[in-house]
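J.: Task: produce atomic coordinates for the following.
(chains A and B)
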Amino acid sequence: MERRAWWVSWGRGWALFGFLVLIAPLSAARAQIKIDVPEPGGAGLPIALSPLKGLDGEGERRLGEEFAEVIARDLDLSGLFKPIERGAYIEGPAGLSIEEINFQNWSVIGALALVKGGFSLEGNDLTVEVRLFDVAQRKQLGGKRYRGERQDLRRMAHRFADQIMFFLTGEQGPFSSKIAFVSNRGGGRVKEIYVTDLTGSEVTQVTKDRTLSLGPSWNPAATMLTFFSYKQGGPYPYRINLFGGQESRLSPVVGYSSRWSPDGSMIAVSLEQQGNSDLFLLSPEGRLLRRLTENPEIDISPAWSPNGQEIAFCSSRSGGPQIYMINVNSGNVRRLTFRGDYNTSPSWSPKGDLIAYTSRAGGFRIMTIPATGGDPLEVTAGEDPSWSPDGRYLAFSYRGRLRIASKDGRSVKQLTAGRGDDTSPAWSARLE
Amino acid sequence: MILVRRGRRVWNNVAQRKERQGIMRSTTVWRWWLGGALLIAFTLSGCPKKTPPPSETGPGGGSGSEIGERALPSPEDVSGGRIRGNIPEGGPLQDVRFAYDSFELSSEARETLRANASWLHSNTQAKVEVEGHCDDRGTVEYNLALGAKRAKAARDYLLTLGITDERLSTISYGEELPLCKEADESCWQQNRRAHFLVLNQDLRR
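T.: Below you'll find the predicted structure:
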């Protein structure tokens, strides 16, 4: 049921939802900023998130609360903010303008920033108007109006969380995105693909094959996933459309990893022949375009550079697994990692500068290394990193839980908790 | 709510139809693959500097541009069914163990394989799927590739012992089907294995 609700809202709601109005001109808003956002992992900027006021009365109070809760969860994940508990609020949801808000009520509970807004629901049509205030300066920093359907509420909240990050840091947040992952939460030896929003609480099951489904990877539009399944033996690569559920097998050849090119025109996959994994390029329909590597040792886990010119991958061609880069056009290969004897699962930052990967040193650790080569930096303990669309965060698995860390590792937050092991996170692009 | 339910039923029907189309489409795709494989084979044969380095994977080890030539498994193939059908470990053949991040056959492993080969010689109708497995200390994708190497190494040795090609298929499960879950060497060692699944149910015991 959830599955359908998500697809329906994604497919049908988007057209309406795309209508956004900027209330305050951006330049003016930026000029007014007096709030310094602390570094990730610090105390966090205290922010109050007032439940939205129902503009047509109190009938749907829960919607207004849910909006504030989603933003609070997002901002907490960012490591930059410290959302203040709702129980501490003195002032109610009413009062949306500078004149109506008693800023004293918010400064006394320690808030430096404040989000207030209202919503109206006519039939199934939802309109949300929400604003961000600087409490000390008693100024509006920015605002947005969102229109859509009732089930778009959470996505509107994620969108505004991204905007709060933009108003305060000049760069949008990553929260209007999804994370695909693998979990055995259904029980037994079965693993299925799931997709969660960034609160970790809106989880949708994508595959229902009762077998092992592994290695999800998003297309750039975040409408499709490739993955590997044992449902016909294999494991073979499949592609599923999240809008309508159409699924097709991409190849009759066994494979273990796939990643879409940034422009969506190709899928880099590792396919196995005679026991050995090499990298190939497929069209999105599964047509073989080109062979990328031909080496008697393991080549696996391709990760595209944001400009699509290079692919980082893991290879055991020098003994233990290390990270290498291949130029897609020339085929030239260079080795990137030299420290340690086990470096795997690269992920290329959307900003292009860094490659995150997993390194075994005692336990397993997430590392980053400049794409041009150099000294690796440790982020935190974990496996299988995937970059956020803004390049500021990494999702990864740690002891069967998905976590999100700032790329310097100073903020580490847990995303999923529950029955079973959650692994192999793949962070989608922003859902525009 | 009722609307949603009805909608869902419609959607399910659509999904099933699409799935059937998907299967048909994959047949077409498969033809493309064969074409692609031939294309690559031609490219390679005409282009000496792209000759692959010699394979070090033992007898039967191929270079190959045989992408696309593998037969599709039948629907009732146990590969997927091993999980769905919950086929247990054990069986008439013994596991072969490997060192960490290695697919090299130890002398002990070879001895086990010789014993397995003699069972296969006396059960001539038996077909076996050689499964490659890893311990959980590593990343999922790399372990899948490593499991494939292990399965291949075990299969290749059985080939040298005179077991015929068509009786031995391979599959990698990476770290997905551990025998045990304790975080210690004795458990890790049990999990780093090639397992031999006898495909004939009557011989599985």
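J.: For chain B, give me the ranges with low pLDDT.
T.: Applying pLDDT under 70 to chain B flags residues B:1-81, B:83-86, B:205.
J.: need the residues of the stretch 51-200 of chain A near chain B, please.
T.: For the stretch 51-200 of chain A, the residues found near chain B under the criterion CB under 8 Å from any CB of the partner chain are A:182, A:188-191. C-beta coordinates here come from the backbone N, C-alpha and C atoms, glycine included.
J.: likewise the stretch 251-400 of chain A?
T.: So far as CB under 8 Å from any CB goes, the stretch 251-400 of chain A lies against chain B at A:251-254, A:256-257, A:270-277, A:280, A:285-288, A:291, A:294-296, A:298, A:300-301, A:314, A:320-321, A:342, A:344-345, A:358, A:360, A:364, A:383-384.
J.: Emit the PyMOL select command for whichever of those are buried.
T.: PyMOL command restricting these to the buried ones, with burial defined by 16 or more other CB atoms under 10 Å in any protein chain shown:
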select buried, chain A and resi 251+252+253+254+256+257+270+271+272+273+274+275+276+277+280+286+287+288+291+294+295+296+298+300+301+314+321+342+344+345+358+360+364+383+384
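J.: Among the residues of the stretch 251-400 of chain A next to chain B, which are located in strands?
T.: Using DSSP state E, A:256-257, A:270-273, A:276-277, A:280, A:288, A:291, A:300-301, A:314, A:344-345, A:358, A:360, A:364, A:383-384 are the members of those that sit in strands.
J.: Show the end-to-end separation of stretch A:345-357, please.
T.: Using CA to CA, to the nearest Å, one end of stretch A:345-357 lies 5 Å from the other.
J.: partners of the helix or strand residue A:146 falls within in the sheet?
T.: Here residue A:146 sits within strand A:139-149, counting by DSSP states H and E. Here strand A:139-149 is paired, per DSSP bridges, with strand A:20-22 (antiparallel), strand A:125-134 (antiparallel).
J.: Show me what the next helix-or-strand element following it is packed up against.
T.: Heading C-terminal from strand A:139-149, the first helix or strand you meet, by DSSP H and E, is helix A:153-169. Counting contacts by 3 or more CB pairs under 8 Å, 6 or more residues apart in numbering or on different chains; DSSP states H and E, helix A:153-169 is packed against helix A:2-17, helix A:61-78, strand A:113-122, strand A:125-134, strand A:139-149.
J.: among the ones you listed, which is nearest residue A:225?
T.: The closest of the helices and strands packed on helix A:153-169 to residue A:225 is helix A:2-17. By CB to CB, the value is 12.9 Å.
J.: wait, isn't residue A:356 in contact with residue A:366?
T.: Yes - shown here, residue A:356 and residue A:366 form a contact pair, counting by CB atoms under 8 Å, at 6.0 Å.
J.: Now the common contact residues for the two.
T.: Here residue A:356 and residue A:366 share the contacting residues A:379, A:385, A:394, scored by CB atoms under 8 Å, 6 or more residues apart in numbering or on different chains.
J.: Any idea how many residues pack against residue 202?
T.: Here I'm looking at chain A. Look at residue A:202: counted by other CB atoms under 10 Å in any protein chain shown, it has 17 neighbours.
J.: oops, chain B please
T.: Applying other CB under 10 Å, I find that residue B:202 has 8 neighbouring residues.
J.: sorry, back to before: with pLDDT and neighbour count added, can I get the shared contacts of residue A:356 and residue A:366 in TSV?
T.: TSV is the format used below for the shared contacts of residue A:356 and residue A:366 (pLDDT from 0 to 100; neighbours: other CB atoms under 10 Å in any protein chain shown):
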residue	pLDDT	neighbour count
A:379	97	21
A:385	98	29
A:394	98	28
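J.: Give me the neighbour count for residue A:183.
T.: Count around residue A:183 with other CB under 10 Å applied: 24.
J.: Which positions within stretch B:156-175 qualify as buried?
T.: For stretch B:156-175, a neighbour-count test (16+ other CB under 10 Å) marks B:156-159, B:163, B:167-175 as buried.
J.: Also stretch A:199-208?
T.: A:199-200, A:202-204, A:206-207.
J.: among those, which are in strands?
T.: Reading strands off these with DSSP E, I get A:203-204.
J.: Look up the closest residue to the closest residue to chain A within chain B, ignoring the ones flanking it.
T.: Scanning chain B for the residue nearest chain A gives residue B:152, at 2.6 Å (criterion: CB to the nearest CB). Excluding its sequence neighbours, the residue lying closest to residue B:152 (CB to CB, 6 or more residues apart in numbering or on different chains) is residue A:275, at 2.6 Å.
J.: For the helices and strands packed on helix A:153-169, give me CSV that also has mean neighbour count.
T.: Listed next are the helices and strands packed on helix A:153-169 as CSV, based on neighbours: other CB atoms under 10 Å in any protein chain shown:
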stretch, mean neighbour count
helix A:2-17, 16
helix A:61-78, 21
strand A:113-122, 22
strand A:125-134, 22
strand A:139-149, 21
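J.: closest one to residue A:55 among the ones you listed?
T.: Among the helices and strands packed on helix A:153-169, strand A:113-122 sits nearest to residue A:55 (CB to CB), with 4.3 Å.
J.: which secondary structure elements does the closest one contact?
T.: Under the contact definition 3+ CB pairs under 8 Å, 6+ apart, strand A:113-122 sits against strand A:45-49, strand A:53-54, helix A:61-78, strand A:125-134, helix A:153-169.
J.: For residue A:63, give me its contacts.
T.: When contacts are counted by CB under 8 Å, 6+ apart, residue A:63 touches A:52, A:54, A:119, A:121, A:126, A:150, A:153.
J.: Let me know the closest of these to chain B.
T.: residue A:150 (12.9 Å).
J.: tell me the contacts of the closest one?
T.: Applying CB under 8 Å, 6+ apart, one finds that residue A:150 lies in contact with A:63, A:121, A:124-126.
J.: for chain B, what spans make up the helices?
T.: Secondary structure of chain B (DSSP state H): helices at B:2-45, B:78-84, B:107-122, B:140-160, B:185-191, B:201-204.
J.: TSV for the buried residues of stretch A:199-208, including pLDDT?
T.: Output for the buried residues of stretch A:199-208, formatted as TSV (pLDDT from 0 to 100):
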residue	pLDDT
A:199	89
A:200	87
A:202	90
A:203	94
A:204	94
A:206	96
A:207	96
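J.: sorry, back to before: make JSON lines out of the contacts of residue A:63 and add pLDDT.
T.: Output for the contacts of residue A:63, formatted as JSON lines (pLDDT from 0 to 100):
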{"residue": "A:52", "pLDDT": "95"}
{"residue": "A:54", "pLDDT": "91"}
{"residue": "A:119", "pLDDT": "95"}
{"residue": "A:121", "pLDDT": "92"}
{"residue": "A:126", "pLDDT": "95"}
{"residue": "A:150", "pLDDT": "93"}
{"residue": "A:153", "pLDDT": "95"}
